[in-house]
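Asks: Sequence first, then the predicted structure, then my questions.
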Amino acid sequence: MNIQILGTGCPKCKTLEKITREVVEQNGISAEISKVEDIMEIMKFNVMSTPALVVNGKVEIKGRVPSADEIKQVLSKY
């Protein structure tokens, strides 16, 4: 599974990355997590408000920081 965190480095973006890494680790999910901070790259996903969670190229959550449970539910679909 390929997980991307889209965000320019704001506190919310860092929080989303931290929670996502914790969910992946705690649930033994095999995933590669990367952070996308380049605004031009972020715009390729048609995301106008960050942070955003992208799984296997699909934008799942954008514009807010979800709970750990919500992230777990999203990742369980993959």
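Replies: Nice, I can see it.
Asks: sec struct for the residue nearest the centre of the chain, please.
Replies: In the chain, the centroid-proximal residue (CA atoms, centre = their mean) is Leu53; its distance is 2.6 Å. Using DSSP: H, G, I helix; E, B strand; the rest coil, the structure places Leu53 in strand.
Asks: nearest residue to it other than its sequence neighbours?
Replies: Nearest non-adjacent residue to Leu53, counting by CB to CB, 6 or more residues apart in numbering: Ile61, 4.3 Å away. C-betas here are computed from N, CA, C, even on glycine.
Asks: swap in Met1?
Replies: Ala31 (4.1 Å).
Asks: ok, and for the least confident helix or strand in the chain by mean pLDDT, which residues are buried?
Replies: The least trusted helix or strand in the chain, going by mean pLDDT, DSSP states H and E, turns out to be helix 39-43, with a mean of 94. Within helix 39-43, the residues that count as buried by 16 or more other CB atoms under 10 Å are Ile42.
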